[in-house]
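A.B. asks: From the sequence below, what's the structure:
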Amino acid sequence: MKREEGHIDQVQGVMLVFAVLSAKLFAHYPALLIEGAGPAAWQAALVMTLTAMLIFLPSAALARRFPGKGLAEISESVAGPWLGPLLTLAVTAWLFTSLALGVRLLAETYIGTMLPQTPPSALIMVLLFCVAYASYRGLEPLSRAAQLIFPLIVLVVVLVMIFSMPRANSARLLPVAGFGLPATLGTGLYCAGMGAEAILALAIGYAFRSGKALQNSVLLGIALFGLFMTVMAAVLVSLFGAPEAAQLPFPMFNMSRLISLGRFLQRVEAITVMFWFFAWVVRLSALFHGTVVSLAGALQLPYYRPLIFPLAVLTMACSLLPEDFLSTMDLDSGVLRPIGLLVLALPLVLLGLAVIRRKGGPAHAA
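C.D. replies: Down below sits the predicted model:
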């Protein structure tokens, strides 16, 4: 399975992590920061970023201690043949839940903005065909797709913010303290789960050429995502004001609708939605691949591809369980994100066991 997957260098790793996380800029996630911290949402974004990077450090230490190994191999080596697969399955379950909710969120977003008469199941089938095919092709083509989409995401986000700035009012960023320091810190800590998908890098750790490359890829990816989320939160508040911006389920779409470039270039939001789709497909493809690879590792299967079709069917079934878009958002922000903090902290348990049992490290590295 490893030979089929190929390798990821540090640059591709940064872009893959950033692509997975930055797709959230197009969804309701910036509104969560604004809802909790008000005008100080950009400060909460900084707290969120630093917290996510700090919580990932045990995963980075684990990757350096077991270079060339993924989460499933590390868990089995450290925790044994019974507890190890169970820990891997716990991370796999979280990745799968994030995948299923992400598929439903994207489908509902398209229905709410562009295709109001389309049933969710039709869009979900198209999405799952794309992500299943991407997983079948393997990790190396997926990382190249992330490398291709990286400059496009950056370009679209930057241009939308620049062209919407004429309508901004910096007075809406006052008071600087927002709802107060406790609210800002609490919101930043609570939203640190937005970076929990970084555990995906550890799940596919065997594809990185070294543990240091994995560490640098994830930390830089989270830092870039946090930088864009910080600027996005500040721009949204300056454009709409904190009370209104906190209620926007599609902030980037609403920002795009403010852009006016003359009568010959209208409906700019339609162009934004196209890149929105590409970004989310890369994100969902990476989550799908990480889920199927982790599941294959936990079950000690030599190949992951036989699991692709069953997992795609199961993903479609689970993505249709929430009643509507609001229920999906509530599950994502109220349940999945807080649990994401525990998922990022799980490698700390493995690292502690590795130190106690003297597993891994330079003396044990292959």
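
A.B. asks: got the contact list for the helix or strand hosting S256?
C.D. replies: In the assignment (DSSP states H and E), S256 maps to helix 251-257. For helix 251-257, contacts defined as C-beta atoms under 8 Å, 6 or more residues apart in numbering pick out 25-26, 28, 30-31, 113, 157, 160-161, 164, 232, 235-236, 239-240, 245, 248, 268-269, 271-273, 276. (Glycine included, C-beta is placed from N, CA and C.)

A.B. asks: If you count neighbours, what's buried in the helix or strand that it is followed by?
C.D. replies: Using DSSP H and E, the helix or strand that follows helix 251-257 towards the C-terminus is helix 268-298. Residues 268-269, 272-273, 275-298 are the ones in helix 268-298 that count as buried (16 or more other C-beta atoms under 10 Å).

A.B. asks: Next: stretch 108-117.
C.D. replies: The neighbour-count check on stretch 108-117 (16+ other C-beta under 10 Å) flags E108, T109, Y110, I111, T113 as buried.

A.B. asks: Not counting its neighbours along the chain, what's nearest the second one?
C.D. replies: It refers to T109. Leaving aside its chain neighbours, T109 sits nearest to F250 (6.2 Å; criterion: C-beta to C-beta, 6 or more residues apart in numbering).

A.B. asks: and stretch 19-31, how far out from the chain's middle?
C.D. replies: Distance of stretch 19-31 from the chain centroid (C-alpha atoms, centre = their mean, to the nearest Å) equals 8 Å.

A.B. asks: what's the first-to-last distance across that stretch?
C.D. replies: Taking C-alpha to C-alpha, to the nearest Å, stretch 19-31 runs 20 Å from one end to the other.

A.B. asks: pLDDT of that stretch, averaged?
C.D. replies: Averaged across stretch 19-31, pLDDT comes to 87.

A.B. asks: thought P67 was touching S210?
C.D. replies: Yes - here P67 reaches S210: they are 5.4 Å apart, a contact under C-beta atoms under 8 Å.

A.B. asks: The two: who's more crowded?
C.D. replies: It is P67, of P67 and S210, that has more neighbours when counted by other C-beta atoms under 10 Å, with 19 against 15.

A.B. asks: if we can go back for a sec, common neighbours of P67 and S210, please.
C.D. replies: When C-beta under 8 Å, 6+ apart defines a contact, no residue borders P67 and S210 alike.
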